[in-house]
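Asks: what's the 3D shape of this:
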Amino acid sequence: MDTSLLVWIILAPLLGAALNGGLYFYNIKKKPIPEIVFSLIGTGTPLIAFLITLSLFCTMYDTGVSYKQELFTWVNIGDLNISMAFLGDKLAIFMSMFVTFIGWLIHIYAIGYMTKDEGFGKFFAYFNLFLASMLILVLADNPVILFIGWEGVGLCSYLLIAFYYSESENVIAGNKAFIANRVGDFGFILGIVTLFFALGQVDLSFGSLQANIANASPELLALSGFLLFVGAMGKSAQIPLYVWLPDAMAGPTPISALIHAATMVTAGVYMVARFHFLYSGIEEIGTFIAYIGAFSALLAAVIATRQQDIKKILAYSTMSQLGYMFIAVGLGFYSSGLFHVLTHAFFKAMLFMGAGGMIIALHHEQNIFKMAQHRVNLPIIGITFLIGVIAISGIPPFSGFFSKDAILAAAFQEGQYLIWAIGMFTAFLTAFYMFRMYFILFVAPNNHAKPYVRTSPTITIPLLILAVGAVGAGFLNLPTVLGGEHMVDTWLAQTNSIELHMSHATEYILMIVSVLVAAAGIFVAYKKYANFDINKPESEEGIIANKFYIDELYDFVFVKSSQKLATFIDKTIDMKIIDGFIMGACNQFVEFGKKVATLQNANVRFYAAFMLVGMSCVFIYLYISLGL
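Replies: Residues are numbered from 1 along each chain as shown. Predicted structure coming up:
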């Protein structure tokens, strides 16, 4: 297989972004272009990227080869050597497979969702660019190129969250995401710089970093690992940089599906897995990552139990599931964390897309109680939504059970019983709040007629395909205790992931406990919400409903304090001290100049007198200096 194909995985959606962007400008300046043109480019280029990735995967599966493509030397200054190069090893191809496939399905879904929108072409230009940026991140051969993709997805998230920029709350949400991620990205940059100085070598490729990691100072490596994870906190919405994610729902629903399933938020998990050679040798940082993941999962799940906006419930569920992924990668079970990334991509994309279908049918209503009051008949969306809810709740044989259970078993095996207990309680809450949402939307009594609403095939077909993955993707990594061969673990062996090695009896017990906990969450949700009076929604008051007032705390500590500091600098330091001193001195100089200027009065006698005084001073100076 020609390795030159590797870069075309990125170039395909990148060219799609350029074409759609150019056509959009032509569309608004010259002659209207049919939506079908934007649609074909917008969906065709991700499909090309997926087919190229699939061909590389098939060749890799047969031969075991990895791909590397170096385009040119980008920077060569002293000890710093950075190549514009891309790496197609098993980890990168694994990520690229479902990023391109699920990204392609979401692009198809977006055709039906965004139809007749005046920004249709611009949307697909941004969408293609978003996918291309994620693929740069995944296929990068060194952390600097990875950072280009890292920043690319951050930029695209801003553009897409604030897509409807005429509404101020959307712009605020976009700014919030952009600023929160810049905080994390600053840590990421410092982590790369620290790693460079720790290794003191000229080649920053991941292969070279891994080969020379033992030569570095453990203290600098620990600092680098921590700083890199700060970047992951921002991108993957973990404590304390998670506050942007719920507000990111301001953009159109296809954006939410792409961010949560195939692109931005999974970048942090992938980054930790890519730097497995760094984190495997720093147990303290790994444990820190696992605990951040555990508490993030718990916090998000608790908040989700009282949310009423359907997209915000799903957003908090993403943050919670990302917490599980960080538990896995933090404890060294990289393949288990990435396996959960895979399964989560299927059912979370399906849930967001199903939510979007309902939102369209109900004229953009997003409050679950109001949606239930105006319930319509959407059979395909209803069935696929139920499949997604079951999968994320961890009920076998749906995919979420196998991936989540592997993470909980990993925490138990490593003796991290507090993390295991938090993860198990979070699993209970997950089942509860997801089925709370489902029972309110589809089951709670509604005496009104439920008209049938026709849904576009571009919406329903991707949902049905994703439903197959949500049900069956878990069997790709079926554990040995259930007769499986751990195919994903085997494929990702390069990450040196820790393997489960507990007895089958212990595994069975943990599985049974996990299922019982999830079933308990479903039961509690059923008892409370299956017959809930949807005309009397829950109160939106209270500490949990208001997200523990974390946003208000951040606003007070960071935003308002920064505003007050800026006002103090502007009004006091700048205007009174700096401007007062400088402008005062300038004014005095001007006044002095004016007085000097009055000496030029065209009076010859006045000039002669000054000349006499000046010459006298010169003669006196010469007399004294010469000692006469």
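Asks: now for the lengthiest strand in the chain, which elements pack on it?
Replies: Looking across the chain with DSSP state E, the single longest strand is strand 67-77. Applying 3 or more C-beta pairs under 8 Å, 6 or more residues apart in numbering; DSSP states H and E, we find strand 67-77 packed against helix 5-29, strand 80-88. All C-beta atoms are positioned from the backbone trio N, CA, C, and that covers glycine.
Asks: tell me how far Met502 lies from Ile620.
Replies: Distance of Met502 to Ile620, given as C-beta to C-beta, to the nearest Å: 103 Å.
Asks: again with Val269
Replies: For Val269, the distance to Ile620 equals 85 Å [C-beta to C-beta].
Asks: so between the two, which is more surrounded?
Replies: The neighbour count for Val269 versus Ile620, taken as other C-beta atoms under 10 Å, is higher for Val269 (27 against 10).
Asks: the more buried one and Leu322 touch, don't they?
Replies: Yes. If you go by C-beta atoms under 8 Å, Val269 and Leu322 touch, sitting 6.8 Å apart.
Asks: what's the overlap in contacts for the two?
Replies: Ser236 (C-beta atoms under 8 Å, 6 or more residues apart in numbering).
Asks: once you drop chain neighbours, what's closest to Trp491?
Replies: Residue nearest to Trp491 in three dimensions, not counting chain neighbours: Lys90, with 5.6 Å by C-beta to C-beta, 6 or more residues apart in numbering.
Asks: OK, contacts around that neighbour?
Replies: Neighbouring residues of Lys90 by C-beta under 8 Å, 6+ apart: Met60, Ser66, Trp491, Leu492, Ala493, Gln494.
Asks: do that again at 7 Å, thanks
Replies: The contact partners of Lys90, taken as C-beta atoms under 7 Å, 6 or more residues apart in numbering, are Met60, Trp491, Leu492, Gln494.
Asks: cool, Met95 as well?
Replies: Contacts of Met95 (C-beta under 7 Å, 6+ apart): Val138, Tyr270.
Asks: that one: which element?
Replies: Following DSSP states H and E, one finds Met95 within helix 90-114.
Asks: sorry, back to before: any idea which of the contacts of Lys90 is least confident?
Replies: pLDDT across the contacts of Lys90 is lowest for Gln494, at 88.
Asks: where's that residue relative to Leu87, distance?
Replies: Gln494 is 11 Å from Leu87, where distance means C-beta to C-beta.
Asks: same check, this time on Ala505
Replies: From Ala505 across to Leu87, the span is 41 Å (C-beta to C-beta).
Asks: neighbour count for these two, which is higher?
Replies: Ranked by neighbour count (other C-beta under 10 Å), Ala505 and Leu87 place Leu87 first, with 24 against 9.
Asks: give me the beta-bridge partners of that one?
Replies: The bridge-partner assignment for Leu87, based on DSSP bridges, gives Lys68.
Asks: so what are the domain limits for this structure?
Replies: 1-281, 287-545, 557-625 (automatic domain parsing).
Asks: which stretch among these comes nearest Asp551?
Replies: Asp551 lies closest to domain 1-281 among these, at 5.8 Å (C-beta to C-beta).
Asks: now the closest one, how far from the centre of its chain.
Replies: Taking C-alpha atoms, centre = their mean, to the nearest Å, one finds domain 1-281 lying 9 Å from the centre of the chain it belongs to.
Asks: likewise stretch 385-397?
Replies: Relative to its chain's centre, stretch 385-397 lies at 23 Å (C-alpha atoms, centre = their mean).
Asks: what's it in contact with?
Replies: For stretch 385-397, the surrounding residues in contact (C-beta under 7 Å, 6+ apart) are 317, 347, 350-351, 354, 398-401, 404-405, 427, 430-431, 434-435, 438, 467, 470-471, 474, 514-515, 518, 521-522.
Asks: re earlier: of all the helices and strands packed on strand 67-77, which lies closest to Leu159?
Replies: Once these are compared by C-beta to C-beta, helix 5-29 is nearest, at 11.0 Å.
Asks: what's the mean pLDDT across the closest one?
Replies: Here helix 5-29 scores 92 as its mean pLDDT.
Asks: which elements pack onto that helix?
Replies: When contacts are defined as 3 or more C-beta pairs under 7 Å, 6 or more residues apart in numbering; DSSP states H and E, helix 5-29 packs onto helix 35-63, strand 67-77, strand 80-88, helix 120-139.
Asks: which of the residues in that helix are buried?
Replies: 5-21, 23-24, 27 (16 or more other C-beta atoms under 10 Å).
Asks: please apply the same query to stretch 305-324.
Replies: Neighbour counts over stretch 305-324 (16+ other C-beta under 10 Å) mark 305-308, 310-324 as buried.
Asks: can you pull out the low-pLDDT segments for the stretch 101-250 of the chain?
Replies: 201-202 (pLDDT under 70).
Asks: helices along that one, start to end?
Replies: With helices called from DSSP state H, counting those that start in this stretch, the stretch 101-250 of the chain shows them at 120-139, 143-161, 168-199, 206-212, 218-235, 244-247.
Asks: which one, of those, ends up nearest to Gly330?
Replies: helix 218-235 (8.9 Å).
Asks: not counting its neighbours along the chain, what's nearest Phe178?
Replies: Closest residue to Phe178 apart from its sequence neighbours, by C-beta to C-beta, 6+ apart: Tyr158 at 4.3 Å.
Asks: which of the helices and strands packed on helix 5-29 sits closest to Ala222?
Replies: Once the helices and strands packed on helix 5-29 are compared by C-beta to C-beta, strand 80-88 is nearest, at 23.0 Å.
Asks: which other helices and strands contact the helix or strand bottoming out on mean pLDDT in the chain?
Replies: Scoring the helices and strands of the chain by mean pLDDT, DSSP states H and E places helix 579-597 at the bottom, with a mean of 76. Helix 579-597 sits against no helix or strand, with contacts defined as 3+ C-beta pairs under 7 Å, 6+ apart.
Asks: any idea which helix or strand comes after that helix?
Replies: With DSSP H and E, the next secondary element past helix 579-597 is helix 604-625.
Asks: correct me, but Phe347 touches Gly400?
Replies: Yes. Under the criterion of C-beta atoms under 7 Å, Phe347 makes contact with Gly400 at 6.1 Å.
Asks: residues near Tyr615, how many?
Replies: If you look again at residue 615, you'll see it is Met, not Tyr. Neighbour count for Met615, taken as other C-beta under 10 Å: 10.
Asks: report the separation between it and His260.
Replies: From Met615 to His260 the distance is 88 Å (C-beta to C-beta).
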